[in-house]
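**Student:** need coordinates for the below:
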Amino acid sequence: MTAVVRIGHAEDGLLRVITPPPRDGGHAPSVLDPAPGVDVTVLEVAGGLLTWSVLALDAVPVAVLDDVEAAQEWVWAVYGEQVALALATDTLTVAVAVTEPASGRPAQDEAPGTPRIPGIPGIPGTPEVTAVPVLPALPALVASARQLAFAQWAARWWPASVIDDIPPLDERLLDREIGELTEECDLLFAGMETADSRSPDAPGAGSSGVQEPPRATDYALAAGPAPGAGGPAGGPEGGLTLARGTGGSDWRRYPPGLVDASERAVSWEVVRAAARTTVSVSVVAAPGPATLPDELTPRAAVGGAADPLDLPLRRVDDAWLGDAPFDTVRTGDPAPGGAGLAVDIYLPGFGAPRPHDRYGAGAAAEVRARVRALVRSRLARATDEDGDGDSGALGPLLRTEIAAATAETDF
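**Tutor:** Modelled structure (predicted):
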C-alpha cells in the first residue's frame, strides 16, 4: 500500500509541514510538538528538519520546512515528485469546511464565507489537505537517512544500563559511523555545513551542542549502596525506616553519561533515628568514567515533604548519593512519612523543567520501556547466529551496536 502525506502550513504560514496521517492512534512526532519524546530522532537537513520515532522507523518522516527552495533539493528524492510538485506550486487541494456563526451572520472581523480549516491531527495551526502519495525517487537515500537518524538518536538516548544489562556504545566508533552516514546522505545537506561531516577524529565531531562526557570501554558494575544503611550516603546508622521506594528517571532531564537508564536506578529511603528524620537518595551512575566536571553533577528534587527538597548529589564509586533532613510534620500522614515521595533526577539548566508527554500523562515510563525493548531486540539480532544482523523490520544494525553486543564485558 502506497504511503501518503499531507502538506500544510504552520506558524501563520511561515513553515510548511509534510506529515503522514495518524498511525496506531497517535500522530507522528515533529519539532512542533511541545517537547521531545525519548523515542524521537531529529535530522537537520537543508531547508528544515525531518523527524521519526525510532519505534516506527519504517514510517514516513515528518518534515517541517522553513526554506522550501532549499528543501526542494531533496524532497523529490525522499517523498517523490508528486509531493515536490505540490510543494513547489502551492496548488494544494484543501478540504475546507466553511462554517458560519450560529446567528447566520459572519463574525465582525471576518469577511462572509471565510473558511475555517481544520488542522493536521497533532500539529496545531496547520491546515488539513488531501493526501499526496509518497513515491521516493531514491529509496536508498531514505534508508541511509533513517540509519543516520537512528545513529544520532543513539548518541543521545541509548539507554545504557548495568542494571538492565544494556551495554553502552563506543562513542568514537559511533561518531565515525555517523560521519560515514552523513556522507551517504549528502543530498539532504546541500549547501549546509554539518558538524558530522568533519573527520570523526576531529574535536567535537558528532557532538550535539551539549558537551558530553566520554564513555569508557572498561568499567565495573555499578552497585549503589542501600539508602539509609549509613556510610556513603550520609544517612543515619540503624533507626526506623519510615518509607522507601525505587524508580526511574526522566532521560530528558540530563545529558547522557550521568545516570543508569533503568527504571530501578533511583532508590530512596526515609529513616527516623536519634530524633531526626532523614531522606537519603541513591542513583546508580551510568557506565562511564567516575570523574566528571563539576557542572555535570546531577541533583535530586524530592517532592512529598512539608517543603520540597533539592538535594545535591555526589559521586561515590558507582552511584550518586545525597541526603537531607526530612520534615514529615505537615505531610498529612506522618506515620509512614514520605510514602508518597516523588524523586526527580535532573541537571540544572538542562532540558525543560516539566517536559510534556505527547503520549499522555503517565506514559513516559511506558515509552522508555518500549525503547529498552527495541534496543534489546536489536542487540539480540547482533548475536543471532541464524541472522546476518543487517536486515529485518527494525532496520539495519549499526556496526557500533554489533560491537557492543559482541564485546566481552560484565554485562
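
**Student:** from here on, contacts and neighbour counts on C-alpha atoms
**Tutor:** Fine.

**Student:** show me where the stretch 301-411 of the chain has helices.
**Tutor:** Along the stretch 301-411 of the chain, the stretches classed as helices by DSSP state H, counting those that start in this stretch are 364-382, 399-406.

**Student:** hey, where'd the helices end up in this structure?
**Tutor:** For the chain, the helices defined by DSSP state H cover 68-78, 81-89, 139-157, 171-184, 364-382, 399-406.

**Student:** which strands or helices does the fifth one pack on?
**Tutor:** So the one you mean is helix 364-382. For helix 364-382, the packing partners by 3 or more C-alpha pairs under 8 Å, 6 or more residues apart in numbering; DSSP states H and E come out as helix 399-406.

**Student:** show me the contact partners of the helix it packs on.
**Tutor:** 167-170, 173-174, 177, 378-380, 382-383, 389 (C-alpha atoms under 8 Å, 6 or more residues apart in numbering).

**Student:** residues of it that come out buried?
**Tutor:** By 16 or more other C-alpha atoms under 10 Å, the buried positions in helix 399-406 come out as 399-405.

**Student:** just the strands from the chain, written as ranges.
**Tutor:** For the chain, applying DSSP state E gives strands covering 4-10, 15-19, 40-45, 48-53, 62-65, 132-133, 240-247, 266-273, 276-284, 299-303, 309-312, 314-316, 319-325, 342-346.

**Student:** any quick ChimeraX command for the buried ones out of the contacts of helix 399-406?
**Tutor:** A single ChimeraX command selects the buried members of the contacts of helix 399-406 (16+ other C-alpha under 10 Å):
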select :167,168,169,170,173,174,177,378,379,380,382,389
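
**Student:** least confident pick among the contacts of helix 399-406?
**Tutor:** Confidence by pLDDT is poorest for residue 389 among the contacts of helix 399-406, given 50.

**Student:** that older thread, want to throw the strands of the chain into JSON lines with mean neighbour count?
**Tutor:** Formatted as JSON lines, those follow (neighbours: other C-alpha atoms under 10 Å):
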{"stretch": "strand 4-10", "mean neighbour count": "22"}
{"stretch": "strand 15-19", "mean neighbour count": "23"}
{"stretch": "strand 40-45", "mean neighbour count": "21"}
{"stretch": "strand 48-53", "mean neighbour count": "22"}
{"stretch": "strand 62-65", "mean neighbour count": "25"}
{"stretch": "strand 132-133", "mean neighbour count": "20"}
{"stretch": "strand 240-247", "mean neighbour count": "17"}
{"stretch": "strand 266-273", "mean neighbour count": "24"}
{"stretch": "strand 276-284", "mean neighbour count": "26"}
{"stretch": "strand 299-303", "mean neighbour count": "20"}
{"stretch": "strand 309-312", "mean neighbour count": "18"}
{"stretch": "strand 314-316", "mean neighbour count": "18"}
{"stretch": "strand 319-325", "mean neighbour count": "24"}
{"stretch": "strand 342-346", "mean neighbour count": "21"}
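
**Student:** what's the closest of these to residue 74?
**Tutor:** strand 40-45 (8.9 Å; C-alpha to C-alpha).

**Student:** elements contacting the closest one?
**Tutor:** So strand 40-45, by 3+ C-alpha pairs under 8 Å, 6+ apart, packs with strand 48-53, helix 139-157.

**Student:** what's the closest of the ones you listed to residue 184?
**Tutor:** Evaluated with C-alpha to C-alpha, the helices and strands packed on strand 40-45 place helix 139-157 nearest to residue 184, the distance being 6.8 Å.

**Student:** pLDDT of that closest one, averaged?
**Tutor:** Regarding helix 139-157, the rounded mean pLDDT is 96.

**Student:** please apply the same query to stretch 41-56.
**Tutor:** Averaged over stretch 41-56, pLDDT sits at 95.

**Student:** again, but for stretch 60-70
**Tutor:** The average pLDDT within stretch 60-70 is 95.

**Student:** just the CA coordinates of that stretch, formatted as PDB?
**Tutor:** Extracted as PDB, the C-alpha positions of stretch 60-70 are listed here (Å, rounded to 0.1, in the frame of the first residue of the first chain):
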ATOM      1  CA  VAL A  60       7.300   8.200   6.500                       C
ATOM      2  CA  PRO A  61       9.100  11.100   8.400                       C
ATOM      3  CA  VAL A  62       7.500  14.400   9.200                       C
ATOM      4  CA  ALA A  63       9.200  17.400   7.600                       C
ATOM      5  CA  VAL A  64       9.000  20.900   8.900                       C
ATOM      6  CA  LEU A  65      10.400  23.300   6.400                       C
ATOM      7  CA  ASP A  66      11.400  27.000   6.800                       C
ATOM      8  CA  ASP A  67      13.100  27.200   3.300                       C
ATOM      9  CA  VAL A  68      11.100  25.400   0.700                       C
ATOM     10  CA  GLU A  69      13.500  26.300  -2.100                       C
ATOM     11  CA  ALA A  70      16.400  24.700  -0.300                       C
END
